[in-house]
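In: turn this into a structure:
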Amino acid sequence: MSRTSDESLKTSNSTSSKTGALLVAAGMLLSKTAGLARESVFAHYFGSSDAGDAYKAALKIPNFLQNLLGEGVLSASFIPVYTGLRVQGEDQKEDAKKVARTIASLLSLVVATLVLLGVLATPALIDLVAPGFHGEKRELTIRLVQIIFPGTGILVLSAWCLGILNSHHKFFMSYAAPVLSNFAVIATLFIFGGSLSQNNLAITTAWGLVIGSLLQLGIQLPTAFRLISGYRPTLALHLAPVRTIVTNFVPVVISRGVVQVSAYIDSVLASFLPTGAVSALAYAQMIYLLPIGLFGMSISAAELPNMSRASGSTEEIATFLRGRLNRALRQIAFFVIPSSVAFLFLGDVIISALLQTGKFTHETTLYVWAVLAGSTVGLLSATFGRIYSSTYYALKDTRTPLRFSLVRVALTTVLGILFSITLPKLLGIGAIWATAGLTISAGIAGWAEFLLLRRGIRHRLGPTGIPVSVQAKLWGSAIAAAIVGGALKLSLPNLNHIFRAAVVLIPFGIVYLSATVSLQIPEASSLIKRLLRRA
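Out: Numbering: from 1, shown residues only. Predicted structure coming up:
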């Protein structure tokens, strides 16, 4: 390949990646907005009640299946192999289609089996996830899990669609599809919220979630089937790429399982805290996952197919991947650093605007803010960790991230017990800070995992990361913006929640953007140019 054509390919890939990241972010913004609307409506009807705790706890077990076999796992094991086949010629494209059909068939069999086992084993699983639940609260949680489990299995199959669509650079539909699932839950709450008891409303909402899962899968299937020239059940296990995907799949599943064990530990510890702890943890996680999804996940998802195209000598591949990784890290930091600062200093404004209504009171807002503030400890490491993991997956290495995730879960266990149980008792502090201790401990463990991921990549690709001077500019700009936002917050305590959020957060964003432009941060200038083009 000539130097000119090589540079042309790099430019094309860079443009494709930026467009892909924007499409992923746009789709996720729609789905996350719908998710926030869902949580706001849910908070209105359930607040931090026993029924709300039961519903949130019930989601943990089926979501374990979704996270174990869903989007991230399939992306890590399937996309690099499938993309690699598609760029090798017409003959290989046909093999890619066979591989896609085989993986869909295998996944369907595995999911159907696990869903059936999960429904039958629900009573025992509840004792693992929420051992602090007893009596009516426990029975309600069991029934909810048995309803939600099949819907979660459907969502795992929709992750196969996402893998196909992403590989073909069709990013928007898969990430916007959850809007349908969220709207199904919202519609259920609005229709039945005023006429049913809280326990019966929780059960009806679970059925609404199952219907939404069917809608989410249904909107993606036609396009996915068209891209692989139709779907016919097949188990072509003799194909080498299928064996490669399955081989890579196992370590990623274990790695994801370890991460889920970390979340499980938080859930177990929260179930021993007073009523409201499980719900508060879930509300805070929903908000802090927004920047992880919108920025970390969108950039990582768009980068993985492009990183998987890397070819040439070892040095050429290393140079290519190192350049893409460093650019992605700067893009992530530009958005996530101000998100962390805003959650820490202005979290009450954000939470009250999104959730404070009905049974979700001002006291609940302060409770969730404390938990959200604790989560800011690990927000940046979590988003950085996603792009580093994508780099490993592009290198077809799924085992190294597994080893590091084991370290994370060990730290989460030890620190979670220390920060949420042991220290609060010794210090005599309330449940609000004990719950925050869960998110703080998870953040510390996340940093340990990230540092290990970065060290491993440096050994293979060379130095990576963001210059300290750039980080200082980003943090300084975010803190300056928080000072302005904090002053506005304190001077306008009695405004309507939504109007107050606009008055506080819009100036926060303006100050941050202005400061980063004046400090010559390229990502800020690029963002302004994109905004002006769309104006």
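
In: what about the helices in the stretch 251-400 of the chain?
Out: Secondary structure of the stretch 251-400 of the chain, counting by DSSP state H, counting those that start in this stretch: helices at 277-291, 298-307, 314-355, 362-375, 379-394, 399-417.

In: which neighbouring elements make contact with the fifth one?
Out: Think helix 379-394. helix 71-86, helix 277-291, helix 298-307, helix 314-355, helix 399-417, helix 431-461 (3 or more CB pairs under 8 Å, 6 or more residues apart in numbering; DSSP states H and E). The way it works is simple: take the backbone N, C-alpha and C, and place the C-beta from them, glycine included.

In: measure the residue nearest to residue 137 when sequence neighbours are not counted to residue 212 for me?
Out: Spatial nearest neighbour of residue 137, excluding adjacent residues (CB to CB, 6 or more residues apart in numbering): residue 50 at 5.0 Å. Distance, residue 50 to residue 212, using CB to CB, to the nearest Å: 24 Å.

In: kindly report the same for residue 352.
Out: Taking CB to CB, one finds residue 352 at 27 Å from residue 212.

In: now the helices and strands packed on helix 379-394 in JSON lines, with mean neighbour count?
Out: As requested, the helices and strands packed on helix 379-394 are arranged in JSON lines below (neighbours: other CB atoms under 10 Å):
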{"stretch": "helix 71-86", "mean neighbour count": "24"}
{"stretch": "helix 277-291", "mean neighbour count": "24"}
{"stretch": "helix 298-307", "mean neighbour count": "26"}
{"stretch": "helix 314-355", "mean neighbour count": "21"}
{"stretch": "helix 399-417", "mean neighbour count": "19"}
{"stretch": "helix 431-461", "mean neighbour count": "21"}
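
In: closest to residue 146 out of these?
Out: Proximity to residue 146 (CB to CB) singles out helix 277-291 among the helices and strands packed on helix 379-394, at 18.9 Å.

In: the closest one to helix 379-394, inter-axis angle?
Out: Calculated by axes from the mean of the first three to the mean of the last three CA atoms, to 10 degrees, helix 277-291 forms an angle of 60 degrees with helix 379-394.

In: export the helices and strands packed on helix 379-394 to a markdown table and tack on mean pLDDT and distance to residue 519?
Out: Below are the helices and strands packed on helix 379-394 laid out as a markdown table (pLDDT from 0 to 100; distance: least, CB to CB, whole Å):
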| stretch | mean pLDDT | distance to residue 519 |
| --- | --- | --- |
| helix 71-86 | 73 | 34 |
| helix 277-291 | 82 | 21 |
| helix 298-307 | 77 | 22 |
| helix 314-355 | 91 | 11 |
| helix 399-417 | 86 | 33 |
| helix 431-461 | 88 | 25 |
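
In: turn the ones you listed into JSON lines, including distance to residue 188.
Out: Listed next are the helices and strands packed on helix 379-394 as JSON lines, based on distance: least, CB to CB, whole Å:
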{"stretch": "helix 71-86", "distance to residue 188": "24"}
{"stretch": "helix 277-291", "distance to residue 188": "18"}
{"stretch": "helix 298-307", "distance to residue 188": "29"}
{"stretch": "helix 314-355", "distance to residue 188": "18"}
{"stretch": "helix 399-417", "distance to residue 188": "34"}
{"stretch": "helix 431-461", "distance to residue 188": "28"}
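
In: quick one, which of these gets closest to residue 490.
Out: helix 314-355 (10.7 Å).

In: from the middle of its chain, how far away would that closest one be?
Out: Distance of helix 314-355 from its chain centroid, counting by CA atoms, centre = their mean, to the nearest Å, is 13 Å.

In: now do it and helix 298-307, the angle between them.
Out: 160 degrees.

In: tell me the angle helix 314-355 makes with helix 362-375.
Out: Interaxial angle of helix 314-355 relative to helix 362-375 (the same axes, to 10 degrees): 170 degrees.

In: tilt between helix 314-355 and helix 431-461?
Out: Using the same axes, to 10 degrees: helix 314-355 against helix 431-461 is 160 degrees.

In: show me what counts as buried in stretch 195-215.
Out: Of the residues in stretch 195-215, 196, 198-199, 201-215 count as buried by neighbour count, 16 or more other CB atoms under 10 Å.

In: and what of stretch 128-147?
Out: 129-130, 132-133, 137-138, 140-147.

In: which of these sits closest to residue 323?
Out: The closest of these, once distances to residue 323 are taken by CB to CB, is residue 129, at 43.0 Å.

In: doesn't residue 346 make contact with residue 373?
Out: No: using CB atoms under 8 Å, residue 373 is not in contact with residue 346; the gap is 10.3 Å.

In: about what we covered before: and the helices and strands packed on helix 379-394: which comes nearest residue 499?
Out: helix 314-355 (8.8 Å).

In: least confident secondary structure element in the chain?
Out: helix 3-46 (a mean of 67; mean pLDDT, DSSP states H and E).

In: tell me the first helix or strand C-terminal of that helix.
Out: helix 50-69 (DSSP states H and E).

In: can I get that following helix in CSV, CA atoms only?
Out: Extracted C-alpha coordinates of helix 50-69, given in CSV (Å, rounded to 0.1, in the frame of the first residue of the first chain):
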residue,chain,number,x,y,z
ASP,A,50,-40.4,-1.6,49.6
ALA,A,51,-42.1,-2.3,46.3
GLY,A,52,-39.5,0.0,44.6
ASP,A,53,-36.7,-1.9,46.4
ALA,A,54,-38.2,-5.2,45.3
TYR,A,55,-38.4,-4.1,41.6
LYS,A,56,-34.9,-2.8,41.5
ALA,A,57,-33.5,-5.9,43.2
ALA,A,58,-35.5,-8.1,40.8
LEU,A,59,-33.8,-6.4,37.9
LYS,A,60,-30.4,-7.5,39.2
ILE,A,61,-30.7,-11.2,38.4
PRO,A,62,-32.0,-11.0,34.8
ASN,A,63,-29.7,-8.1,34.1
PHE,A,64,-26.8,-10.4,35.2
LEU,A,65,-27.8,-12.6,32.2
GLN,A,66,-28.0,-9.6,29.9
ASN,A,67,-24.6,-8.2,30.9
LEU,A,68,-23.1,-11.7,30.9
LEU,A,69,-24.0,-12.6,27.3
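
In: got the angle for it vs helix 277-291?
Out: For helix 50-69 against helix 277-291, the angle by the same axes, to 10 degrees is 50 degrees.

In: helices or strands next to helix 50-69 in the packing?
Out: Checking 3+ CB pairs under 8 Å, 6+ apart, helix 50-69 ends up next to helix 3-46, helix 90-120, helix 122-129, helix 135-167, helix 198-227, helix 240-271, helix 277-291.

In: can you tell which of these is closest to residue 327?
Out: Of all the helices and strands packed on helix 50-69, helix 3-46 comes closest under CB to CB, at 7.9 Å.

In: check what pLDDT residue 108 gets.
Out: On pLDDT, residue 108 comes in at 87.

In: which regions of the stretch 151-300 of the chain sit below the pLDDT cut-off?
Out: 255-264, 267, 271, 274-275 (pLDDT under 70).

In: rewinding a little: wait, the residue nearest to residue 137 touches residue 138, no?
Out: No: the criterion here is CB under 8 Å, and residue 50 misses it with residue 138 at 10.3 Å.

In: so who does the spatially most central residue of the chain touch?
Out: In the chain, the residue lying closest to the centroid (CA atoms, centre = their mean) is residue 293, at 4.7 Å. Residues near residue 293 by CB atoms under 8 Å, 6 or more residues apart in numbering: 28, 32.

In: I'd like the distance between it and residue 53.
Out: 24 Å.

In: name all residues that make contact with the residue nearest to residue 51 when sequence neighbours are not counted.
Out: Using CB to CB, 6+ apart and skipping the chain neighbours, the partner closest in space to residue 51 is residue 198 (3.8 Å). Residues counted as contacts of residue 198 (CB under 8 Å, 6+ apart) are 45, 46, 49, 50, 51, 52.

In: which one is the last one nearest to, not counting chain neighbours?
Out: What that stands for is residue 52. residue 46 (3.4 Å).
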